[in-house]
Each structure stands twice: as C-alpha cells, then as structure tokens.
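Visitor: using only what follows, build the 3D model:
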Amino acid sequence: MTQNTNLLTKEMKLKCVEGLYSISCHKGIEMQIINEGALATIISVLKMDDIAIRLFAAATLLNLTAAQPPTKAHKSSSGNLVALSLVGKEVYSKLIDEGVISALLELSHTPNATVKALCVRALFRFTVDESHHFRMVHEGSVVALTQLMTSIPSEDVKEACMNGLVNLASIPRAVACDSILNTLIALAKSGRPELLTVCGRVLLNLSILPTTRSSMVEEGAVVALSVLASQKQPVLFETISCVLCNLAAIKTNQELLMKNGGLAILMDLLDSVQMEFERVSEEDGNEDEDEDGDGDQQGSTSNPSVDSAREEAVTAATMLLARIRKNCINVLAHLCCNPKLQSRVVNAAFIPKILHILQEFSTHGRSHIDEDTEKYCIIAIANLSLDDRCRPNIVYDGGAPVLLSLLQNAERQDVNSMLLKLDCVTALSNLMLHPKNFKRMVDEGIVPAFIESINNSASPEIQKACVYAMLNLAKDPGMKTRLAEATAEKDQGAIPTMLVFASKHYKNAELCGVCISFLHHLSTQRENYDVLYFEGAVGLLVRVLQKPSNSEPVPVIYSLWLTCMVTLANLASHTTKRASLIGDGVIEAIQHFLSVSASDSRRRDVSTDTKIVKTQFAASQILFKLHELCCSTKEEIPAFFASLLLLATQSALKNSRLEKKAVTVQQMTASRCALTISKVSLMPRGLRLLSGNADIPPALNIIMRTGLHEAQVCAAIALCNLATERGHLKHRLWRDSTIEDFIVITLLRVNSEQTKAICAKALFNLLTHEDTRDQMVKDGVLYALIKLARIENEGIRDLSLRSIYNISLHPIKALQLLEMEIVRILAKMYQAEFSKEIKRLMCGILSNLSSVPDGHESRILQEGALSVLKNLAKVRDPETKVYAANILYNLSCCLDVAEALVRDEAGVLGILAAQLKSENKDVKRYGAASIANLSGNTLAVTLMTEDALIVILNDAMKKTMATGNSSNVMAFQPSLRF
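Guide: Just a heads-up that it's a prediction; the model follows:
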C-alpha cells in the first residue's frame, strides 16, 4: 500500500481503491488498514477527478470511521466495553492526525451526490467525539457541512449535515443557527414522523448548548417551533416545551420569544394538552362503562392482561401530557419574572389557564398534584401580582380563592408546601395593593386566613408574611374600623393576634415593629380607641419603649420607639380612658426615651435624628393631653415634670444636620412643650410643683431663645406665672444667671410686642418678692424695665412705668434709678399723646426721684425734668397736678438750683402762678411753698415781681384768709428759706 501511486495508471488506481474498499468492509481491522498506509494512498489518488475512484475512496473512508467490534465477540464485561470504545477513539484520532478531514472536504467537492452523501456521513461520525471539534472547525468542516446541507436535496443528507453542525456548535461562534433552522423547517414541513423527531431533537440540542441558546431565538427558532407544533403530535409537544423552557431561562431571549410568537405556541400547547387530557379521560371512562355493561350481561370475562396494558397506556399518556403542561407552566413562570412582559402574559389570557390547573389539583386531591407544576403556577401568579396592571385580572379571574384554599390547607405541612404557602401569602399581599381588589378580597375571607396562619402556621416565614399583610390591611382607611369591629366580635381577632405575636417576638425588632405599626394605623381612627385600650395595646407599647437602647441597632430602635410614641399620642386623645395611661407607666416611658436619646453616644445618621425629633413631638403631645390629670391628681408624678424639663431642653437644641421638615417638627415640639408648661402654670397645684423644680425657668429661657413666636409667648406666660410663686431657693427666686438670661432674651431675642408685654409682667412679678427685690435690681430687672418703658406699646409702657414707680418709692432704689439717668430717659420718651395714666406714672416717678435726699436736684434739672414737667403740669388730672406741684416744691428746697428753676424755658413761674389759682388745696399749698422757697433768691424775687406773681400770691392769701383756713399758710413756714 505504500507504493507510489503516481506511477500507476488510472485503471490500476481504480483497482487499488476498489481493493481498499473491499478490505475496509471487514469490521475490526480499521486500525491495521490505517497503520499500513491506506489513508495516504487514498489521499494520493484524490488528485484525479475520476468519479469512480472518488466514490470508492469516499466509501472506504466511511467504512474506516465505523470502527465496530469484531462479529465473533465473546460476552464482555464493562472493562471490555471501555477497551472497545478506546479502540474507536484511537482510530478516529489516527485518521484525523493523518489528514482525513482534508480528504473528506476534498471529496465533498466531487460533482456526485453519492460521494457527497458519503462524505457527509463520515464527517458526521467525526463530530460525535468532542475532542475533534476544534480541529474540524478550524479545517473548514462547518462551511462544508453548511454548503452540503443547502445544496443536496436528499433529506437523509440534510439530516446528517444538520446533526453534524449541531455537534460542532459546542465551539463558540463556530456555527450559525439560521442555516440549520432553515433546513430544519424544510424537513419538518415534510411531515414524516421520523424527521419531525429528528428536528425536535436538533432544536432541543441547540437550546441546551450555551453557544447557541442565546442566539437561536433571534435567528428563527420560534418559527421552527411553530412548524413542529402545527403537526399536533404529543411526543413533539414535549420536545417543543423543553426547548421553550431552555430558551425562556435566558433573560435576553424572553422579549424575543414574545415578539416572535412564543406565547401563541405556549397557548396552543396548553390547549392541545387540555384537549388530550379530556380525550384520554373520556375514553377511559367510556371503556369502564363498557366493561360494567358487559359484566352485567355476561359476567366477569375481562382479560387482565388487556386491562393492564390499557391502564399502562393511559398512565403513560397522562404522564406525557403532565410533563408537557409542567414545561409550559415553567416557561410562563420564567416569562412572569420579567417585569416588561408581565402585562403581556396577562393580556394573552394565561391567568385562567394557570388558575384552572390549580383548581384541578385542589379538586382531585393530593395524589393527583404535580408539585413542580403547582410550584410554577404559584410562582407565575406571585410574580404577576408584582405588577399593578396585572392585579385586577388575577382577582377578577378568581385568583384569591384559589390561593386562599392552598394557604388554608392544613394537611400539607411539608417543606415544599410551606414554600408554596409563603408564595401565596406574598401574592395575596400584593394583590391587595390595588384599590379595585381590596374589597373583593376582604369579602372572600382574606383576613381570617391571615389571622389563622399567624396563630397556627408552623412556618415563621409564613407568619411573618401574614403579619406584613395585616399591616397592609390596616393601612386602608376602610379596613381600620373593620379590623377593630372583627376583634370585638370574634375570639381570635386581629388586634389580640397581633399583640400576642408581638409579645412572642418582643426581641425581634422587625416583627415587633410590624405589629406596632399595625396598631398605629388602627389608632388613627377614634372608633378603635376602646378596643385598643381593652385588648391591652398600651402595655405592649410601654414595654417596647422601656427596652434598652443598645438592644438593637440605632436606626431600628429609634424607628420602633417613634411608632410606639405616635400610637400612644393617638390613644391619649381618648378623653375618658387617657387617665389609665398614667397608671400604665406611659410618662415614665417618655422619660426613659428622652433620657436615653440624650445620653446615647452612638453615631446617628440624619434619618435617625429626624426620627428622634418626631418622637419628641409625639411625646410633647402626650404630655399636653395628660397635663390636667397629672396636676389634678393627689399623687405626685415626678416623671411628668422631669419629662417636661428634658423635652424643653432637647427641643430647643439646634441640629444643623436636620432636614427642613425635621426642623419644623422640632419647632412644633418646642411650642407644644412651652404651651404645656404654661397650661400647668395656670393651675394652682401645677404652679406649686413647677416652682419646686429650679431647672424649669432655665429650660424656658432656652425655649425663649429659639425665636419662635408661639413658643416665646407660651414660655413667657409660664415664666410670668412662675415669677409670682416663691420657690425653695434661699435669697433667690430662680437659679443664678436665669434672670439675667431672661432679661437679655426679653430685650434682644423677643420681637413681638405681645411677648414683650408678658415679659414685662414677669419682671413686674419678680419685683413683688420683698426678700429678693434687692437681688433682682442687681440682676438688672430695673434696667430691663427702663428699656421696656421706651417701647411704643401702651401696655408695656404702663406696666414698666408702674414697676419703676414702685421701685422709686424706696429712697435707696430711687437713687439707683437716678444713677441710671432715668430722668433723661423719661424726658426723651415723653409724648403728648400718652394717656393720663402714663402721664400720672411718669409724674409720680419724678416726684419720688425729686424726694431723694443729698442734693440730686441739679442732676434732675440737667437731665430735662422741667421740659417734661411743663407738659405734665397742664394735664387735667388732680393726682398728676399734685405730683407736678410736689416736684417743683422738692426742687425749690435746694437754693443752688433756684436760679436754674426760674431761668428755665419751661416757665416755672407761670406753672407756680397756675398752681396758686388751682382749686386743689394740695396743689395750691405746694405752689405757695415753692414760691416761699424761691423767695430766698434775689433773682427769683425780681423775676416773680416782674411776672406779677406777687399780686397772684396776695390774691391767693386773701382768698385763703377769707375762708378762715389760715393753717395752710402756717404749714409751710418751717420750709421757708430767707
């Protein structure tokens, strides 16, 4: 065989190839033929274009690829079988190493159909071994097989090419699916059962290979599947359903499956399967009826073997149909996982079919349930329920009762059933989110089902899902009262169920928080207060508020406390039962929260700070609603005042990290806290208790510093009331620096005249305590009153001047007023539009100041007292006129200022002349005394003479003597100076 064939003639070459073919027909000697150089001989003769030579060469190569074991083979063990397979692999490897692929590709170009067919079969055999795929692809086998598949009309050749290409498709990007699919479609249209089976297997293989499953949909796989599906053969249906399963598992294929008609194929498969199920069931029923009839007429003559065969056939058909249906539902489950496709699945009317399958399982019992199919159905429904557009269709088609029946099936307690029930709860919870579904699902009994699962389910996950579902129910405005009413009417109501569950999972912040959120939503309706109080919701809320802060992460514990506090704030609105909150320890729980949140040094984010602020506001609401009860009870409640103090301090602290909404809530808390304290201060017992806590006034000062009008007004009212009550501090009314701080706030931080008026009253009240008055003056109360007196507000001015007047009654404090230049201040603030009361107070202050001994008359004049006195003397008020006359008299007692008095532009002599003419005896007496004092000054006498004051004086004396009241004249003799 190793002879050089170039020297041989054509006939000799033909005979050589024919001889090789004859030898290759003997099985088991392939390796010997190869080792003796047969392949080299064949390759050498291929240079000739002779059809016969090429035909024998192709046939010989095909025989060499058979590598079958010898005909006379003994019964071999598994080890012998492995050895035979190794021999076959060795033959293939030897052939490929010696260039058989190139030879076959060369032969495939022969213009002879038989030669091409032989080459195709040989190439196909080589594709069976995966170890040769890369080399075959590299040498061009894919191109050759593709060309042969499209050029040869033989169905067998097309089938071989198609199978070979499918095998080579394991190499990435080696094979294009479009040509395979086109060939497959052409073969499938022939309708031959064997070809249809091959086509289905090809599609299945392509859908399994990772290299083709992601691209074959785009290249026409759905069209091929539709052609196969049109043949209406159940065996093909299973293959088609498997292919669809494989393709739908790739997310990138799902939209293409939809666009190319994949849903139509699925629908066709499900309809066909349902029809087959009905046909098989009907035939089985008819045969049973026939047997019953025959038995009645002829006795029992049925053949057991026939019956057994029939039952096996029915069972096999039923199992096949069940597998097809399972695969179809699996495809739907995959498609329903894609949010983009969910509405399209619903619009294609698949929901009734899924529900029908579940209803069949429920009707026929556990023995007829295919667990995988049931699982895929539930998964599909659960995923569809995630899309709000799909929810109404599911409920309208009867999805809720089906899911509820599965959820309430107490017989199914295995792990798989528990997972299905969990999916049912999830689906039901999502379906309730659509407003159109809510009422119908409630009427169908979803609430009792959830309550029963919470109480009796052995799965913690199902219980958890049902608890979340109950929370969703409680969020609906219409369900809040219905849940409470159901609780009152039934032994296992919603509220006690949630309370018991929360108590069991007290240490689980998530589950406990869900239950408390449920209670919170119910507490937003006043109609539910009685039930919540009766069932003991307050006890659970207080218990949670008393939890240690380090028991949970920071965001979790503060979120939990927020919900508890808001719920208690709602319950505190119950006018008749709110008193029980005090006995249940709500106020102590508030104090615990405020203390812990203030001392918690763990890092907090902005969200947690916001939750704390909201919780503080809820606490302020509770304290406000309970303040009357806390102050009216005989028992002391120190936690109430401690909570007020903590709340007042914390709500006024600035936090730059807070969001705008949180800042607003914090301001509301400060205002509500100040309002509560002011309300308490209006109650006699509350005022006494507040005054006993020396930290309250400084806390109110902190609220005043916030600049909030409402908070400042309420805090000022509280401070004003506290200023009337003598506390327990010795020699002081309030703590050190508290009054000074209040004065600074009053003068600089308060912008409202209303608030300033209240602050002025507070300062006025502070000065009413004799034992602390001196300290008050040192603390600046007097200075503050002087400042407030200059405000353009009659009420504040009246109160301030009245306080200054009271202080000026004491000579020592009047001296302090003079040192503060009070006369200059009064002179500047005086206005002619002032009321008589204001003018009377100003004149009285000047009268008291002018009575201060040790010669302050000159200072009073220099600060402008006469400019004010000129106007005050004209006021038509008897008391004011007496004060004015007294001022001039006091000033005239000092000879050092006599000339200044008579020379002043105020016209003192004219005022004295008017006083002598007055009908008021005191005014006339002071005027005469003033003239008598001034008469000791030469300049004064001269001016009085020029102004005819002597004449007026004589007239006054004559009138006095005529009335016989000479005592008025003698009364001033001791004070006359000559």
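Visitor: verify the stated contact: M683 with C631.
Guide: Yes - assessed by C-beta atoms under 8 Å, M683 is found in contact with C631 at 4.7 Å. Yep, even glycine has a C-beta here, placed from its N, CA and C like the rest.
Visitor: who has more neighbours, these two?
Guide: Each of M683 and C631 has its neighbours counted (other C-beta atoms under 10 Å); C631 has more, 22 against 17.
Visitor: quick check: chain neighbours aside, which residue is closest to the more buried one?
Guide: Once flanking residues are discounted, C631 sits nearest to G686: 3.8 Å by C-beta to C-beta, 6 or more residues apart in numbering.
Visitor: number of residues surrounding that neighbour?
Guide: 22.
Visitor: likewise for P352?
Guide: Residues within reach of P352, counting by other C-beta under 10 Å, total 14.
Visitor: the one 10 residues further on now?
Guide: Residues near S362, counting by other C-beta under 10 Å, number 17.
Visitor: could you find the closest non-adjacent residue to it?
Guide: Closest to S362 by C-beta to C-beta, 6+ apart is S405, at 5.5 Å.
Visitor: H709 too?
Guide: S752 (5.5 Å).
Visitor: quick check, that neighbour in contact with A716.
Guide: No - contact criterion C-beta under 8 Å: S752 and A716 do not qualify, at 9.3 Å.
Visitor: so for these two, which residue has more residues nearby?
Guide: Ranked by neighbour count (other C-beta under 10 Å), S752 and A716 place A716 first, with 29 against 14.
Visitor: contacts only, for the more buried one.
Guide: 704, 750, 755, 758-759, 762 (C-beta atoms under 8 Å, 6 or more residues apart in numbering).
Visitor: how does it look with 10 Å?
Guide: 674, 678, 700, 703-704, 742, 745-746, 750, 752, 754-762 (C-beta atoms under 10 Å, 6 or more residues apart in numbering).
Visitor: run a quick neighbour tally on N35.
Guide: Count around N35 with other C-beta under 10 Å applied: 11.
Visitor: distance from the chain centre to stretch 592-603, please.
Guide: How far stretch 592-603 lies from its chain's middle: 23 Å, per C-alpha atoms, centre = their mean, to the nearest Å.
Visitor: nope, stretch 428-438 is what I was after
Guide: On C-alpha atoms, centre = their mean, the centre of stretch 428-438 falls 20 Å from the chain's centre.
Visitor: ends of that stretch, what's the gap?
Guide: Start-to-end span of stretch 428-438 (C-alpha to C-alpha, to the nearest Å) is 10 Å.
Visitor: for that stretch, buried residues please.
Guide: If you call a residue buried by 16 or more other C-beta atoms under 10 Å, then stretch 428-438 has these buried ones: 428-432, 434, 437-438.
Visitor: for stretch 207-225, same thing?
Guide: Per 16+ other C-beta under 10 Å, stretch 207-225 contains these buried residues: 207, 209, 211-213, 215-217, 219-222, 224-225.
Visitor: turn those into CSV, columns for distance to S918.
Guide: Formatted as CSV, the buried residues of stretch 207-225 follow (distance: C-beta to C-beta, whole Å):
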residue, distance to S918
S207, 123
L209, 125
T211, 124
T212, 124
R213, 120
S215, 120
M216, 122
V217, 118
E219, 123
G220, 124
A221, 122
V222, 120
A224, 127
L225, 124
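Visitor: how about those in CSV, adding secondary structure and distance to V908?
Guide: As requested, those are exported to CSV (DSSP: H, G, I helix; E, B strand; the rest coil; distance: C-beta to C-beta, whole Å):
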residue, secondary structure, distance to V908
S207, helix, 121
L209, coil, 122
T211, coil, 120
T212, coil, 121
R213, coil, 117
S215, coil, 117
M216, coil, 120
V217, coil, 115
E219, coil, 120
G220, coil, 121
A221, helix, 120
V222, helix, 118
A224, helix, 125
L225, helix, 122
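Visitor: so how far is D178 from G164?
Guide: 16 Å (C-beta to C-beta, to the nearest Å).
Visitor: neighbour count: the two, which is higher?
Guide: G164 (28 against 14).
Visitor: so how far is S800 from the more buried one?
Guide: Distance from G164 to S800, by C-beta to C-beta: 110 Å.
Visitor: likewise T315?
Guide: Note on T315: its distance to S800, by C-beta to C-beta, is 106 Å.
Visitor: neighbour count winner among the two?
Guide: Higher neighbour count among T315 and S800: S800, with 26 against 11, using other C-beta under 10 Å.
Visitor: so which strand or helix has that one?
Guide: Using DSSP states H and E, S800 sits in helix 794-808.
Visitor: repeat that for T706.
Guide: Counting by DSSP H and E, T706 is found in no helix or strand.
Visitor: same question for the one 10 residues further on.
Guide: Under the criterion of DSSP H and E, A716 resides in helix 709-722.
Visitor: which outside residues touch the helix or strand following that helix?
Guide: Proceeding N to C from helix 709-722, the next assigned helix or strand is helix 738-744, under DSSP H and E. Taking contacts as C-beta under 10 Å, 6+ apart, the residues outside helix 738-744 that touch it are 694-702, 704-705, 715-716, 719, 723, 732-735, 737, 749, 759, 762-763, 766, 772, 775-776, 778-785, 787-788.
Visitor: residues contacting the closest residue to L471 other than its chain neighbours?
Guide: Nearest residue to L471 in three dimensions, chain neighbours excluded: F518, at 4.9 Å (C-beta to C-beta, 6+ apart). With contact taken as C-beta under 10 Å, 6+ apart, F518 is in contact with 467-468, 470-475, 483, 494-495, 497-499, 501-502, 537, 563, 567.
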